[in-house]
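> Return atomic coordinates for the entry below.
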Amino acid sequence: MCGIVGVVSNAPVNQLLYDALLLLQHRGQDAAGIVTQQERKFFMHKAKGMVRDVFRTRNMRSLPGNCGLGQVRYPTAGNAFSEEEAQPFYVNAPFGIVLVHNGNLTNAHALKAELFSTDHRHINTESDSEVLLNVLAHEIEATTRGMPLRPRDVFEAVRKVHLRVKGSYAVIALIAGHGVLAFRDPFGIRPLCMGRSGDTWMLASESVALEGTSHQFERNVEPGEAVFIDLKGNIHSQQCAANPVHNPCIFEFVYLARPDSVMDGISVYQARLNLGESLAKRVISTVPPNEIDVVIPIPESSRPSAAQLAQLLGLPYREGFVKNRYVGRTFIMPGQSVRKKSVRQKLNVIASEFKGRNVLLVDDSIVRGTTSKEIVQMARDAGARKVYMASAAPPVRYPNVYGIDMPNPQELVAHNRTVEEIREIIGCDALIYQDVDGMKKAIGSLNPTIKNFDASCFDGIYVTGDITLEDIVRLNASRVGGDESQEETSRLALPNHED
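Model (predicted):
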């Protein structure tokens, strides 16, 4: 999961890119980068850290130009991350191209070997984004063959990229002296939208980046589509995939995206309200509402679901945890020990909301169980008589290979465990999960044109159709401590989904 943005304007864009990255900070807190172009020359600054820490006044002054890209990043390979892997990435031929990418290539290893042996291109990092950039550069070079670049050449290159690259990818690239190219994988797994303010065009991962910088949302980039904005602001677009389908990542709506975003025609906030409504029905079947004194959300993504659930059950809704906003989101912190240590630094209880009460804690999802276990104990320490827990998402049972940091089944508390076994680990008195069909209906009802979602971490169905157990073992091997988990991964059973 990363946040990406691209801008073409007739005025300097450095401040605009910075402001957009602040609005996308929730999508990645590990590194940030901006590149701009002036007179065919690229100016770049990137480093590890939050946006406000990476960019100082001197850095902003060194980013001139009227078009550019930006990215906020979190790594999907444990905590093995070097500063060289911060984006954007740059390649000097053909034309000079810089690129930012949100997603994960599932065939990056094979592509890297192919680029070296056949395309004679060198990859200098472990990042799949550098692989993707070089595939794109090679296809543009093969299409243009030394001739001037035309929009149709760009679209032909993207068509060839789709044929070679597997996995999830939302991409924005800046081609020196020509313009900004954006494209999305044929399944539309990762989000990408575009908006306008006067003569300025912006592309971004979420609509909140557009609206928060006074741009009017125009539309989403469609699965498989490529959009090319030349330096004069002219828009060119073309469908570049043979058989595109729309399977957006459902975890974006559950947790990743900001609630004030609209993604693929679905309000994230309304999606979470709907999840709360569906979850309320599950709670009733497990714990009688008269045995619950108060509903308390675990900040922050779960608040809409918890509020809707409380209203439907006729129960008081209270804030029982205060969040320290200066501690990063524990889900996207690389390394289990870092996540565990940060929970109590991140949250503090309001003891009066717990003392002597039966509390229902509502979370957006339960991934590793580390945070949930700590929070349940915090509630008990504050004097709660009973602690029930409800998850607005189903059990996370399978690895995610499309760009979310949950590829190791050994880390997933629900992997190969029953709900009762998970409840015992977390330590709550009752555990209620959303069901997969209920989740898909709750969110899918907001845009009936979307017939399916990527919900692979919940149902084990990988929408790209190319993921095997061997692929998951290989992906885990690239993670820190990956070798230790390969035996566990080899016992992973993917569901049969031939239908």
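> Compute the distance between the nearest residue to A390 once chain neighbours are set aside and G438, please.
Leaving aside its sequence neighbours, A390 sits nearest to I432 (Cβ to Cβ, 6 or more residues apart in numbering; 4.3 Å). C-beta coordinates here come from the backbone N, C-alpha and C atoms, glycine included. Plainly put, I432 is 12 Å away from G438 if you go by Cβ to Cβ, to the nearest Å.
> and what of H236?
H236 is 42 Å from G438, by Cβ to Cβ.
> Could you do R40 as well?
53 Å.
> Now stretch 109-123: buried residues?
H109, L111, K112, E114, L115, D119, R121, I123 (16 or more other Cβ atoms under 10 Å).
> Contacts only, for the last one.
It refers to I123. K112, L115, F116, E130, V131, N134 (Cβ atoms under 8 Å, 6 or more residues apart in numbering).
> start to end distance for stretch 378-398?
End-to-end span of stretch 378-398 (Cα to Cα, to the nearest Å): 28 Å.
> which parts of that stretch are buried?
Buried, per 16+ other Cβ under 10 Å, within stretch 378-398: 378-380, 382, 384, 386-398.
> What of stretch 8-16?
Going by neighbour count (16+ other Cβ under 10 Å), the buried part of stretch 8-16 is V8, S9, P12, V13, N14, L16.
> isn't the first one right up against Q37?
No - in this structure, V8 sits apart from Q37 without contact. The criterion is Cβ atoms under 8 Å, and the distance is 9.8 Å.
> Mind listing the shared neighbours of those two?
Common neighbours of V8 and Q37 (Cβ under 8 Å, 6+ apart) are N66, C67.
> and the chain, what are its domains?
2-245, 269-450 (automatic domain parsing).
> Let me have the contacts of I123 in JSON lines, extended by distance to F89, pLDDT and secondary structure.
Shown next, in JSON lines, are the contacts of I123 (distance: Cβ to Cβ, whole Å; pLDDT from 0 to 100; DSSP: H, G, I helix; E, B strand; the rest coil):
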{"residue": "K112", "distance to F89": "14", "pLDDT": "95", "secondary structure": "helix"}
{"residue": "L115", "distance to F89": "13", "pLDDT": "94", "secondary structure": "helix"}
{"residue": "F116", "distance to F89": "17", "pLDDT": "94", "secondary structure": "helix"}
{"residue": "E130", "distance to F89": "5", "pLDDT": "97", "secondary structure": "helix"}
{"residue": "V131", "distance to F89": "10", "pLDDT": "97", "secondary structure": "helix"}
{"residue": "N134", "distance to F89": "9", "pLDDT": "98", "secondary structure": "helix"}
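> Widest-spaced pair of these?
F116 and E130 (12.4 Å; Cβ to Cβ).
> Hmm, V362 is touching A392, no?
Yes - at 6.7 Å, V362 and A392 qualify as touching, with contact defined as Cβ under 8 Å.
> what residues do those two have in common as contacts?
G276, L279, S302, S305.
> show me the residues around the first one that make contact.
Taking Cβ under 8 Å, 6+ apart as the criterion, G276 is in contact with P304, S305, A306, A307, Q308, L309, L312, V362, A392.
> In helices, which of those fall?
Residues from the contacts of G276 lying in helices, with DSSP state H as the criterion: P304, S305, A306, A307, Q308, L309, L312.
> neighbours of M50, just the number please.
Counted with other Cβ atoms under 10 Å, the neighbours of M50 add up to 18.
> Do you know the pLDDT at the closest residue to it other than its chain neighbours?
Of all residues not flanking M50 in the chain, Q29 sits nearest, at 5.7 Å (Cβ to Cβ, 6+ apart). You'll see Q29 listed with a pLDDT of 92.
> go on, N408?
For N408, the predicted pLDDT is 80.
> Wait, V387 touches A379, no?
Yes - here V387 reaches A379: they are 4.7 Å apart, a contact under Cβ under 8 Å.
> and for the two, which residues touch both?
Contacts common to V387 and A379, judged by Cβ under 8 Å, 6+ apart, are V359, L361.
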